[in-house]
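Enquirer: Structure for the following, please:
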Amino acid sequence: MTKLYVAQGACSFGAHVVAREITQASGLPIEIIKVPLRTPDSPIHKVNPLGRVPTVVTDNGNVITENGAILPWLADLNPDAKLFAPVGTAERAQIQEWIGFLNSDIHGAFRPVNRPNLFHPDEEVQKSIREQGITRLRELVRVVQRKLEGKTWAVGERFTAADAYLGVFLRWLPRANIDLAEFPDLAAYLERYNARESVKAAIAFEAA
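Expert: Reported below is the predicted structural model:
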């Protein structure tokens with residue numbers, strides 16, 4: 001059976017949502033395993049030397065890491081769920097574009113906000129790094145708002161793997177003291193996201 005490793009509050013939430021979306025539609029057997037992060041004895045180290053989630057171990061033992069690979073791979077397991085798009089279509093490229101943007105720009109922008117200690121040992125300097133990170137993140141949130149203007153979902157007016165991933169970071173914004181009240185369209189988007197059965201199931205599983 002394919003296994004998907006996730007951690008509560010981590011970026012693996014997007015892959016978790018995709019896994020639940022495709023299994024709702026098809027009953028595909030995917031075992032979801034919750035692990036702790038940044039602990040030397042976490043089971044994740046046995047399957048991913050970097051100790052990161054999401055990580056997939058396929059039913060034949062192949063290991064897949066990184067959201068940019070896992071989200072499309074999971075979505076392709078069940079084309080009927082329409083979380084991706086056919087090969088060669090502009091829509092497929094647009095979904096992949098969103099995933100790339102979220103992975104590199106948005107996720108990257110959270111790093112100085114959440115872990116400024118990675119950039120400098122001095123706590124006072126860390127405060128400055130975090131403040132600059134929040135400023136950059138707010139700029140990127142405005143980009144997201146423009147990209148979503150007039151849309152229900154990111155691509156094709158249906159929920160896709162891009163949305164599963166985008167919702168992760170909108171849910172993280174309170175960590176950066178960014179209030180979605182500043183971005184009413186994004187607040188409405190997040191309400192739609194949180195209302196999905198896959199999202200509610202993923203939240204409940206990770207909180208248990």
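Enquirer: From here on, just use CA atoms for contacts and neighbour counts.
Expert: Noted.
Enquirer: Show me what the longest helix seen in the chain packs onto, helices and strands only.
Expert: The helix that spans the most residues within the chain, counting by DSSP state H, is helix 123-147. Other helices and strands packing on helix 123-147, by 3 or more C-alpha pairs under 8 Å, 6 or more residues apart in numbering; DSSP states H and E, are helix 107-114.
Enquirer: so what secondary structure elements neighbour the helix it packs on?
Expert: Counting by 3+ C-alpha pairs under 8 Å, 6+ apart, helix 107-114 packs on helix 123-147.
Enquirer: which residues are in contact with the helix it packs on?
Expert: Here helix 123-147 makes contact (C-alpha atoms under 8 Å, 6 or more residues apart in numbering) with 105-106, 109-114, 116-117, 119-120, 154, 176, 178, 183, 185-186.
Enquirer: which residues in the chain form helices?
Expert: Under DSSP H, the chain gives helices at 13-26, 44-47, 67-77, 90-101, 107-114, 123-147, 161-172, 184-194, 197-207.
Enquirer: Same list, the ones you listed, but as TSV with distance to P54 please.
Expert: Formatted as TSV, those follow (distance: least, C-alpha to C-alpha, whole Å):
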stretch	distance to P54
helix 13-26	7
helix 44-47	9
helix 67-77	7
helix 90-101	14
helix 107-114	14
helix 123-147	23
helix 161-172	12
helix 184-194	20
helix 197-207	13
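Enquirer: what residues are up against the closest residue to A85 other than its chain neighbours?
Expert: Leaving aside its sequence neighbours, A85 sits nearest to R92 (C-alpha to C-alpha, 6 or more residues apart in numbering; 4.7 Å). Residues near R92 by C-alpha under 8 Å, 6+ apart: F84, A85, P86.
Enquirer: ok, back up a step: are any of the contacts of helix 123-147 buried, and if so which?
Expert: Buried members of these, scored by 16 or more other C-alpha atoms under 10 Å, are I106, A109, F110, P112, V113, P116, N117, A154, A176, I178, D185, L186.
Enquirer: Which one of those residues is nearest to A164?
Expert: Distance to A164 across these (C-alpha to C-alpha) is lowest for A154, with 9.9 Å.
Enquirer: Got phi/psi on that closest one?
Expert: phi -70, psi -40 (degrees, to the nearest 10).
Enquirer: Name all residues that make contact with it.
Expert: If you count contacts by C-alpha under 8 Å, 6+ apart, then A154 has I95, W98, K147, L148, T160, A162, D163 around it.
Enquirer: Return the distance of the closest residue to the fourth one other than its chain neighbours relative to A81.
Expert: Spatial nearest neighbour of L148, excluding adjacent residues (C-alpha to C-alpha, 6+ apart): A154 at 6.1 Å. A154 sits 16 Å away from A81, going by C-alpha to C-alpha, to the nearest Å.
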